[in-house]
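Student: based on what follows, work out the 3D shape:
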Amino acid sequence: MGDSAPTSDTETVTVSILDKEYRVACAEDERAELQASARLLHERMSRIRSSGSVIGLERIAVMAALNIAHELIEAKAELTRVPLEQEMLDRLQDKVEDALGKIDTGDT
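Tutor: The predicted model follows:
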């Protein structure tokens, strides 16, 4: 997705965010993702605007972008923690199975 000139495998899609329309060039197979992204941004910006705490389209857009970026960073951090936690659980399970095996065979 981007605002570069369309090529043969791209199309120009019009999205609406806070009552403004934007034309964006994107690959044909990314159209649904672009539209979903625009809906998400519209919803976030609408929420910020309706709170009344931020005034001005540019400031609202920056606040929405910061909130979305923060969520992305948190999600990436969580994804990197999951394999580590799974590895720790796997090792703990191996230790428990080893201990249970020693109890069953009478080894200590």
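Student: use CA for all of it now, contacts and neighbours both
Tutor: Will do.
Student: against Glu43, how distant is the residue most central in space within the chain?
Tutor: In the chain, the C-alpha nearest the mean C-alpha coordinate belongs to Leu72, at 4.7 Å (Cα atoms, centre = their mean). Separation of Leu72 from Glu43 (Cα to Cα, to the nearest Å) stands at 17 Å.
Student: and stretch 22-29, what's its mean pLDDT?
Tutor: Taken as a whole, stretch 22-29 has a mean pLDDT of 95.
Student: which residues touch Ser37?
Tutor: Residues near Ser37 by Cα atoms under 8 Å, 6 or more residues apart in numbering: none.
Student: please shift the residue numbers so they start at 34 in all later answers.
Tutor: In the new numbering, first residue 34, that becomes Ser70.
Student: next one: the helix ranked longest in the chain to chain centre, how far?
Tutor: Assignment by DSSP state H gives helix 90-138 as the longest helix of the chain. Remark: helix 90-138 is offset 15 Å from the chain centroid, using Cα atoms, centre = their mean, to the nearest Å.
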